[in-house]
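**Student:** fold the following.
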Amino acid sequence: MPSVSAGFDIAFSSANSWLLALVDRQIRTLDDLDRFRRAILDSHHWGVWKPDWCLITSLATADRCTLIASNSANTNVAVNLSGTFDPAAPVEMKLTAGASIAAANQQLIQSIVSQPSSIACSGLRVRDHSWSDPSVGVLAKRGLF
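**Tutor:** Coordinates of the predicted model:
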């Protein structure tokens, strides 16, 4: 495959705009959440489970990720790419190939990750009363999860 070095400009015309390119995204979900009920209730009882803790229920990972975001309208960003990839590859492969920000006219939020990593998660903030009512039964059937 050819080695490529290229640059391009991105223009965000409106505020709160973003670009996200992910390669090989996977989402893993925790099944059978009820199996954690007793352990969490015991932790609440003994004061171990803190009010700001949560049970992570899913985790998203990607092999490579490029995120560029701006709160400001009329943001211009110059991006450099370098790497080896097939010219016919999907755009997300190109946007994550050795990406780096060369210049920007506004402040940006950026995350450019070139190795497998976690990119997002979802969780449930568990409180004692959420799980301790014996009439709840299976929590998934109650719509709490």
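**Student:** C-alpha only now, for contacts and for neighbours.
**Tutor:** Will do.
**Student:** so after the lengthiest helix in the chain, what's the next helix or strand?
**Tutor:** If you go by DSSP state H, the chain has its longest helix at helix 37-45. For helix 37-45, the following helix or strand on the C-terminal side (DSSP states H and E) is strand 55-62.
**Student:** residues touching the closest residue to residue 27 other than its chain neighbours, list them.
**Tutor:** Excluding its sequence neighbours, the residue lying closest to residue 27 (Cα to Cα, 6 or more residues apart in numbering) is residue 60, at 4.3 Å. Contacts of residue 60 were listed using Cα atoms under 8 Å, 6 or more residues apart in numbering, and they are 25-28, 118-121.
**Student:** who does residue 60 bridge with?
**Tutor:** residue 27, residue 120 (DSSP bridges).
**Student:** pLDDT score for it?
**Tutor:** On pLDDT, residue 60 comes in at 95.
**Student:** separation between it and residue 124?
**Tutor:** To residue 124, residue 60 is 15 Å away according to Cα to Cα, to the nearest Å.
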